[in-house]
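S.K.: What would the 3D arrangement of this be:
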Amino acid sequence: QLQLVESGGGLVQSGGSLRLSCAASGFTLDGSATGWFRQAPGLEREGVVCIGGSGGITYYTNSLKGRFTISRANAENTVYLQMNSLQPEDSAIYYCAVDFGGAACPGKQRTFDVWGRGTQVTVFQ
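M.R.: Sure thing, here's the model as predicted:
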């Protein structure tokens with residue numbers, strides 16, 4: 001079964017940090033593009049950042065550059081999202097998704113093949 005499982009979300013004070021994990025089973029993340037997305041209540045899901053199969057990184061939301069960092073640990077078959085200096089507006093459900101064989105990051109969400117169920121991040125003042 002092809003599956004992505006996110007973890008690491010939680011409740012954090014403004015200015016704090018969290019590291020989200022996206023663990024894959026049934027397939028290998030190495031060589032495919034993996035993206036992080038988020039959706040806040042009442043808003044559309046938006047792209048955060050993606051790492052391509054070739055290792056290139058694309059920020060879908062440029063304002064997050066400098067605070068959010070994506071990385072891939074091939075030995076663990078996991079992609080991480082390090083989030084620093086969190087603010088209340090970062091509160092959302094965070095999802096990861098994979099585009100099989102994607103050397104570069106897709107420009108559209110519908111290109112991604114498999115999605116996780118998400119992990120909740122809540123940032124309070």
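S.K.: and the helix or strand hosting V98, what does it pack onto?
M.R.: Assigning secondary structure by DSSP states H and E places V98 in strand 92-99. Packed against strand 92-99, as judged by 3 or more C-beta pairs under 8 Å, 6 or more residues apart in numbering; DSSP states H and E, are the following elements: strand 3-7, strand 18-25, strand 33-39, strand 78-83, strand 114-115, strand 119-124. From N, CA and C alone the C-beta is placed, and that goes for glycine too.
S.K.: Format the CA atom coordinates belonging to the helix or strand just after the third one as PDB.
M.R.: To tie it back to what came earlier, the one meant is strand 33-39. In the C-terminal direction, the helix or strand that comes right after strand 33-39 (DSSP H and E) is strand 46-51. The C-alpha atoms that make up strand 46-51 are tabulated as PDB, following Å, rounded to 0.1, in the frame of the first residue of the first chain:
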ATOM      1  CA  GLU A  46      -1.600  26.400  -0.400                       C
ATOM      2  CA  GLY A  47       1.800  25.100  -1.400                       C
ATOM      3  CA  VAL A  48       4.700  25.600   1.100                       C
ATOM      4  CA  VAL A  49       7.800  24.100  -0.300                       C
ATOM      5  CA  CYS A  50       8.900  21.100  -2.400                       C
ATOM      6  CA  ILE A  51      12.100  19.100  -2.900                       C
END
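S.K.: Specify the angle between strand 46-51 and strand 78-83 in degrees.
M.R.: Using axes from the mean of the first three to the mean of the last three C-alpha atoms, to 10 degrees, the interaxial angle of strand 46-51 with respect to strand 78-83 works out to 120 degrees.
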